[in-house]
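Q: Predicted model follows, preceded by the sequence.
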Amino acid sequence: MKANPAPQRVKSTEELELEGELAKLRKEVFAASKVRMKDFSFEIKDEWYDSRFPELEDIQQILNETVETYRLLKKGGQFKEADMCKAKIRESMYAQNHLKLGMSMDFDRPTPSTIQMAKENGINLKNEKVKDEFRKIQRQNLEDI
C-alpha cells in the first residue's frame, strides 16, 4: 500500500508575486555579475553561481531578513520604504555574487592581461608557490568580510 503524498500547499497571490520579483532581481544581478567577471585577473570556475561558502551564510541571513521586511512593508502599503528595501535586496544579492566570484577564481587560468603583467614582472603563474600565495590572499580577503 502506498503512503499518501504530502498535500501541496497553495501559494497566495502575494507569495507568487514576491517570488516573481525575486526571480527578476536574481536575473538582473546575475547579468551584472557576469559583466563584472571580465574585471577579474583569473577566469572564474564554471560552477561559481552554485558554490557554497560558510562565510556567505551571514549575507544570506541578512538577505532573508531583508526579503521578509520587504514583504511586510509592501503588505502594509509602505511602498516608498519597500522600494528602498528592494534596493538593499539587490545590493545584498550582488555582494553575495561578487564574493562567490572572488572565491571561485581559477588560479590555473589567468586572463591574458594577467599573463602579460606576470611576464613584465618576471612572475611564473604556473609556480605552485605563486598560486598558494594567491589562495592565501583570497582566504584573507574573505576573512576580512
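A: Thanks, I have it. Numbering: from 1, shown residues only.

Q: Direction included, what does the lengthiest strand in the chain pair up with?
A: In the chain, taking DSSP state E as the definition, the longest strand is strand 105-110. Strand 105-110 has the following strand partners under DSSP bridges: strand 42-44 (antiparallel).

Q: Now the following helix or strand past the partner strand - C-alpha only, CSV.
A: Sequence-wise, the next helix or strand downstream of strand 42-44 (DSSP states H and E) is helix 57-75. Extracted in CSV, the C-alpha atoms of helix 57-75 (Å, rounded to 0.1, in the frame of the first residue of the first chain):
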residue,chain,number,x,y,z
GLU,A,57,25.9,32.4,5.4
ASP,A,58,25.7,35.8,7.2
ILE,A,59,25.0,37.6,4.0
GLN,A,60,22.3,35.0,3.2
GLN,A,61,20.7,35.5,6.6
ILE,A,62,20.7,39.3,6.1
LEU,A,63,19.2,38.8,2.6
ASN,A,64,16.4,36.5,4.0
GLU,A,65,15.6,39.1,6.7
THR,A,66,15.6,41.9,4.2
VAL,A,67,13.2,40.0,1.9
GLU,A,68,10.9,39.4,4.8
THR,A,69,11.0,43.1,5.7
TYR,A,70,10.3,44.0,2.1
ARG,A,71,7.3,41.7,2.1
LEU,A,72,5.9,43.2,5.3
LEU,A,73,6.4,46.8,4.1
LYS,A,74,4.7,46.1,0.8
LYS,A,75,1.8,44.3,2.5
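
Q: now what about helix 57-75, what contacts it?
A: Here helix 57-75 makes contact (Cβ atoms under 8 Å, 6 or more residues apart in numbering) with 14, 18, 22, 79, 81-82, 85-86, 88-89, 92-93, 95-96, 99. (Glycine included, C-beta is placed from N, CA and C.)

Q: Doesn't Arg139 belong to a strand?
A: No - Arg139: not assigned to a strand; according to DSSP: H, G, I helix; E, B strand; the rest coil it is helix.

Q: Please tell me how far Pro5 sits from Met105.
A: Plainly put, Pro5 is 44 Å away from Met105 if you go by Cβ to Cβ, to the nearest Å.

Q: Just want to know which of the two has more residues nearby.
A: The neighbour count for Pro5 versus Met105, taken as other Cβ atoms under 10 Å, is higher for Met105 (21 against 6).
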